[in-house]
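Undergrad: below are the sequence and a predicted model for it; my questions follow.
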Amino acid sequence: MKNSMRVIIICLIVLLLSVMTGCQLAKVDGAENYNNEDRLIGVFITTEYLDLFDFEGYINDNIGSLKGNEVMIGSNAAQYQGRLYAELRQKTVTNEETGEEIVTEEYIFPNYQGIFYYSARVPGNGEHEGYITTGSDEEISDGHVSINSSDQGESISMEGTVYVTHGTEKTYFFNPVYQSRDNRVYAVTGSGYFFSDAQAEGTSFSQTMESTYTTTKNGEKIIDSISVKISFNFMHPPEKIAVLQMSADGFPVLRKEYSPGEMPKSIDPEKDTDYFIVETIKAGSNDEKIISRKLYGRDSDSIEAFYCREDGICIKQWVQINWDRQ
């Protein structure tokens, strides 16, 4: 975290069941390496506190130890931590080039707003074998998931970035997501972090959740691990995006301007285009205009651009460059 970041940690009742810590598929053999310990598989980021603690049940069971009007949460409180269960639903994705429809499965939290990023096991059935699916909502940019499996264990590394406007003043709650041996996926209440509206562009904050699990199979120790890192990067909101196609001698071939969120899915270069320059005009502090430029050569197969939503989240778009159609 950079020095200019001001983060105020919100005091919460944080009760975790273990150490606190797009779609990719990988075949798995099942859950034979699992013990009875539920495993961390991701994070569900919300702007509202997940009030899952059974406070009434805790009071009823501990009424004899209460003193006056004060309620002190004791070490036995973990059993009262509630769970928010996810649902596994089918999703149909259409290949825009071929028109082929592909049916996939994803975990969601119905009726809850948030940013979900996970790597979970989907059990096999009569139609397919079990596999690992990694999913993320559109708010996750620059996502990267690495799954390494060997006889000694499995390691999963997940990283992603959420871009937000520099004027955002909001609390984000990082709620750990677990999967039980019977493959049920659930979130528990996590920690909240408050971001002030004074963040400068380029300021960042990262939160990492990690867990390690040790089991024994046929007398051999197996160590599985997972790391989930989420970074929040602050940026000025773009107001206009200009795409310039440039010739090899540096002269403009074509210039087009777009509003954020209206970039095409792909661009065909003109005959004389050798590279692209993308200008992004942003709204800075005190109504100043900030212009950033980025060059994309023939070794680039796509252009990146952002648009920011009303909630302050900025979504990264990728525009394919069709060099083969030049």
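TA: Nice, I can see it.
Undergrad: which stretches of the stretch 151-300 of the chain form strands?
TA: 153-165, 170-179, 185-187, 191-195, 204-217, 220-235, 238-246, 252-258, 266-267, 275-283, 289-296 (DSSP state E, counting those that start in this stretch).
Undergrad: tell me the buried residues in the fifth one?
TA: What it means is strand 204-217. 205, 207, 209, 211, 213 (16 or more other CB atoms under 10 Å). Quick note: C-beta positions are derived from backbone N, CA and C, even for glycine.
Undergrad: name the helices or strands packed onto that strand?
TA: Under the contact definition 3 or more CB pairs under 8 Å, 6 or more residues apart in numbering; DSSP states H and E, strand 204-217 sits against strand 39-46, strand 170-179, strand 191-195, strand 220-235.
Undergrad: what angle sits between the last one and strand 170-179?
TA: What that stands for is strand 220-235. Inter-element angle recorded for strand 220-235 and strand 170-179: 160 degrees (by axes from the mean of the first three to the mean of the last three CA atoms, to 10 degrees).
Undergrad: cool, and the third one?
TA: Our comparison of strand 191-195 with strand 170-179, counting by the same axes, to 10 degrees, yields an angle of 150 degrees.
Undergrad: which strands border strand 191-195, and is each parallel or antiparallel?
TA: Looking at strand 191-195 with DSSP bridges, its partner strands are strand 7-10 (antiparallel), strand 170-179 (antiparallel).
Undergrad: any idea of the mean pLDDT in that strand?
TA: With pLDDT averaged residue by residue, strand 191-195 scores 90.
Undergrad: ok, stretch 316-326 next?
TA: Mean pLDDT, taken over the full extent of stretch 316-326, equals 95.
Undergrad: number the residues from 10 up from this point.
TA: OK, 10 is where the count begins now, so the last one is stretch 325-335.
Undergrad: touching that stretch from outside, list them.
TA: Among residues not part of stretch 325-335, those counted as contacts by CB atoms under 8 Å, 6 or more residues apart in numbering are 150-151, 172, 270, 272-280, 282, 285, 305, 307, 309-316.
Undergrad: just the buried subset of these, please.
TA: Buried positions within the contacts of stretch 325-335, assessed by neighbour count (16+ other CB under 10 Å), are 150, 172, 272, 276, 278, 282, 285, 305, 312-316.
Undergrad: Ser234 contacts Tyr222, doesn't it?
TA: Yes: using CB atoms under 8 Å, Ser234 is in contact with Tyr222, at 7.3 Å.
Undergrad: gap between stretch 294-313 and the chain center?
TA: Chain-centre distance of stretch 294-313: 23 Å, with CA atoms, centre = their mean, to the nearest Å.
Undergrad: quick one: contacts of it?
TA: Residues outside stretch 294-313 that contact it (CB under 8 Å, 6+ apart): 175, 210, 245, 248, 252, 272, 276, 283-293, 325-330, 332.
Undergrad: can you tell me the closest non-neighbouring residue to Ser215?
TA: Using CB to CB, 6 or more residues apart in numbering and skipping residues adjacent in sequence, the residue nearest Ser215 is Ser240, 4.5 Å away.
Undergrad: what number of residues lie near that neighbour?
TA: With neighbours defined by other CB atoms under 10 Å, the count for Ser240 comes to 17.
Undergrad: and it, what does it touch?
TA: Counting by CB under 8 Å, 6+ apart, Ser240 touches 168-171, 213-215.
Undergrad: could you rerun that using 6 Å?
TA: Remark: with contacts taken as CB atoms under 6 Å, 6 or more residues apart in numbering, Ser240 is in contact with 170, 213, 215.
Undergrad: before we move on, back to that, with respect to Ser189, which of the buried ones among the contacts of stretch 325-335 is nearest?
TA: Closest approach to Ser189 among those (CB to CB): Ser150, at 30.0 Å.
Undergrad: I'd say that closest one and Val171 touch.
TA: No: look at Ser150 against Val171 with CB atoms under 6 Å: they stay out of range, at 7.1 Å.
Undergrad: picking up where we left off before, where does confidence bottom out across the contacts of Ser240?
TA: By the confidence score, Ser213 is the least certain of the contacts of Ser240, showing 90.
Undergrad: so for the closest residue to Ser145 other than its chain neighbours, what's the pLDDT?
TA: Setting aside the residues directly before and after it, Ser145 is nearest to Tyr126 in space (CB to CB, 6+ apart), at 4.5 Å. Looking at Tyr126, its pLDDT is 97.
Undergrad: Tyr126 pairs with what?
TA: According to DSSP bridges, the partner residues bridging Tyr126 are Val52, Ser145.
Undergrad: and stretch 132-149, how far out from the chain's middle?
TA: Counting by CA atoms, centre = their mean, stretch 132-149 comes out at 16 Å from the chain centroid.
Undergrad: okay, how far is it across it, tip to tip?
TA: Looking at stretch 132-149, the gap from its leading to its trailing residue is 25 Å under the measure CA to CA, to the nearest Å.
Undergrad: what comes up buried for that stretch?
TA: Per 16+ other CB under 10 Å, stretch 132-149 contains these buried residues: 140-146, 148-149.
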